[in-house]
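Asks: What would the 3D arrangement of this be:
(one chain, ligands or ions: 1)
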Amino acid sequence: MSKIPVGILGATGMVGQNYISLLTDHPWFEVKYLAASPRSAGKTYKEAIEGRWHIRRGYDAALDKLIVEDANDVSKALAAKKRGNLNFVFSALEMEKDIILKLEESYAAAGIPVISNASAHRWTPDVPMLIAELNPEHSDIIPLQQKRRGWEKGFIVVKPNCSIQSYMTPVYSLLKAGYEVKRLIVTTMQAVSGAGFPGVPSLDVIDNIVPFIGGEEEKSEKEPLKILGTIEDGLIKNAAGPLISAHCNRVPVIDGHTVTASMEFGENKPSIEQIKEIWRNFRALPQELELPFAPKQPIIVREEANRPQPGKDRDADKGMAVSVGRIRPCPVFDVRFVGLSHNTIRGAAGGGILNAELIKAKGFFGH
Ligand code: NAP
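Replies: Here you go, the predicted model:
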């Protein structure tokens, strides 16, 4: 099978670099098109990232010679599509939300599907916000989105905020097992890579904790409701619960968002052992389909008293698994735990790649 040619918008940034690195030797996708800001446009990729390769893995050296295009210029992408060098793009742009919103729509209107990491379209009701294990059925809205907007081949799919899977994967698996989670309090400890580069000033975050990340608490509380929602009349209708209270903090960790969570159940309350069993056995569509980026075990239960920790557990199953531990009774709610996931892999580029694999497996790329 020949590989599907893909592009990366924002290829020079923190998430873009993760895409470049993670897509090396991908069995289905091959990076053939790179775009970033006008500052990088016209340079080779090697020139564009010189002195600012931030991640600890390498990438396919063949990309060094590829010329970076201006992501604002959709005609360049269209030309690449006509040459057979582009089927769809991963969007990892950091710009004004309104500009990203319109730009992603321009790509989709030009027949180029967009798998996005940006938050611009997370609240667009006909755009699915996917965590592949949790709400893969929301991708079924794609033909309705295309019809309503008059897009023939293009469409937009987004992924949620980078810390959400660390608590929502465990919570979702309990809901699926029939246990209502009524209320949830989460405190996130988010890595600096989550803010891109240069991100948080070093003097703010070394030897310190910043108890504020703009807009993050609202995302952490509301995005889960869309993920748990249902498709009604061609739009995604949010679920009514659980009620979530989030405290979001920036901590001096490079990669890996940690969360402490307390859950209150409905009348049917699982025991600690039942919860562990549900989490260990949780499998979903990406595992059934054996998608290349699907972790074998989406939730890894750690029994050590002091795990998970970002330095030791963020790379579990190539950074795609969520690690949980310290599962114990909560004297205020019912049960509390610690969750951890890799923010730039599972929470960004790896999650985007898994979403693209799901979309491909469902045939929406036309391959
Ligand atoms: P970043 O490191 O700041 O990278 C931003 C990218 O956008 C760069 O490639 C940059 O190109 C490009 N860009 C900036 N201004 C532009 C313009 N005017 N026109 C075209 N391209 C422009 O940001 P990031 O952390 O990778 O985040 C990228 C997106 O993913 C954001 O929407 C963010 O909210 C989302 N996200 C990030 C994470 C994470 O953990 N970091 C997780 C989930 C989602 P130049 O290099 O040429 O300036």
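Asks: So which elements touch the strand or helix carrying Phe90?
Replies: Using DSSP states H and E, Phe90 maps to strand 88-91. For strand 88-91, the packing partners by 3 or more Cβ pairs under 8 Å, 6 or more residues apart in numbering; DSSP states H and E come out as strand 4-9, helix 97-109, strand 114-116, helix 350-361. Just so you know, the C-beta spots here come from the backbone N, C-alpha and C atoms, and that holds for glycine as well.
Asks: does the ligand sit close to the first one?
Replies: Which is strand 4-9. No. Using Cβ under 6 Å from any ligand atom, strand 4-9 stays clear of the ligand, coming no nearer than 7.0 Å.
Asks: Is the strand holding Phe90 positioned near the ligand?
Replies: No. Using Cβ under 6 Å from any ligand atom, strand 88-91 stays clear of the ligand, coming no nearer than 7.7 Å.
Asks: All the strands of this structure, residue numbers only.
Replies: With strands called from DSSP state E, the chain shows them at 4-9, 29-36, 69-70, 88-91, 114-116, 156-158, 181-190, 230-232, 235-237, 243-250, 257-265, 299-301, 322-329, 335-341.
Asks: and the last one, does that touch the ligand?
Replies: No. Residues of strand 335-341 contacting the ligand under Cβ under 6 Å from any ligand atom: none, with a closest distance of 10.7 Å.
Asks: Now tell me what touches that strand from outside.
Replies: 163, 165-167, 169-170, 256-263, 265, 270, 272, 275, 308-310, 313-314, 321-330, 347 (Cβ atoms under 8 Å, 6 or more residues apart in numbering).
Asks: picking that back up, what strands line up against the strand holding Phe90, and which way round?
Replies: strand 4-9 (parallel), strand 114-116 (parallel) (DSSP bridges).
Asks: highest average neighbour count across these?
Replies: strand 114-116 (a mean of 26; mean count of other Cβ atoms under 10 Å).
Asks: Filter the contacts of strand 335-341 down to the buried ones.
Replies: Burial by neighbour count, judged by 16 or more other Cβ atoms under 10 Å, picks out 163, 165-167, 169-170, 256-263, 265, 270, 275, 308-310, 313-314, 321-327, 347 from the contacts of strand 335-341.
Asks: restrict these to those near the ligand?
Replies: Gly347.
Asks: For Asn85, see how far away the residue in the stretch 201-350 of the chain positioned nearest to the ligand is.
Replies: Nearest residue of the stretch 201-350 of the chain to the ligand: Ala348, at 3.6 Å (Cβ to the nearest ligand atom). Using Cβ to Cβ, to the nearest Å, Ala348 is found at 24 Å from Asn85.
Asks: who has more neighbours, these two?
Replies: More crowded of Ala348 and Asn85, by other Cβ atoms under 10 Å: Ala348, with 25 against 16.
Asks: Now that one. Nearest residue, chain neighbours left out?
Replies: Residue nearest to Ala348 in three dimensions, not counting chain neighbours: Val15, with 4.5 Å by Cβ to Cβ, 6 or more residues apart in numbering.
Asks: And for Trp123, nearest residue in space, chain neighbours not counted?
Replies: Lys226 (7.5 Å).
Asks: wait, Tyr172 sits on Ala239?
Replies: No. Counting by Cβ atoms under 8 Å, Tyr172 sits too far from Ala239 to count as a contact (10.8 Å).
Asks: what touches both of the two?
Replies: Counting by Cβ under 8 Å, 6+ apart, the residues touching both Tyr172 and Ala239 are Leu228.
Asks: Now do the same contact list for the closest residue to Val338 other than its chain neighbours.
Replies: Nearest-residue entry for Val338: Arg326, 4.5 Å, with adjacent residues in sequence omitted and distances by Cβ to Cβ, 6+ apart. Applying Cβ under 8 Å, 6+ apart, we find Arg326 in contact with Ala305, Arg307, Arg336, Phe337, Val338.
Asks: ok, Arg326 to His342 distance?
Replies: If you go by Cβ to Cβ, the gap between Arg326 and His342 works out to 19 Å.
Asks: Which residues are in contact with the residue lying closest to Val127 once chain neighbours are set aside?
Replies: Residue nearest to Val127 in three dimensions, not counting chain neighbours: His121, with 4.5 Å by Cβ to Cβ, 6+ apart. Counting by Cβ under 8 Å, 6+ apart, His121 touches Leu101, Glu104, Val127, Ile156, Val158.
Asks: Of the residues you listed, keep whichever come out buried.
Replies: Among those, those classed as buried by 16+ other Cβ under 10 Å are Leu101, Glu104, Val127, Ile156, Val158.
Asks: any idea which of the residues you listed is closest to Gly150?
Replies: Taking Cβ to Cβ as the measure, Gly150 lies nearest Ile156 of these, at 13.8 Å.
Asks: doesn't Arg122 make contact with the closest one?
Replies: No. Judged on Cβ under 8 Å, Ile156 makes no contact with Arg122 at a distance of 10.5 Å.
Asks: Spit out the contact partners of the residue of the chain found nearest the ligand.
Replies: Closest residue of the chain to the ligand, Cβ to the nearest ligand atom: Gly13 (1.9 Å). Residues near Gly13 by Cβ under 8 Å, 6+ apart: Ala36, Ala92, Leu93, Glu94, Gly196, Phe197.
Asks: What parts of the stretch 1-150 of the chain come near the ligand?
Replies: 10-16, 36-37, 39-40, 71-72, 92-95, 117-119.
Asks: Report the buried members of the residues you listed.
Replies: Among these, those buried by neighbour count (16+ other Cβ under 10 Å) are 10-16, 36-37, 40, 71-72, 92-95, 117-119.
Asks: In helices, which of those appear?
Replies: Judged by DSSP state H, helices contain the following of these: Met14, Val15, Gly16.
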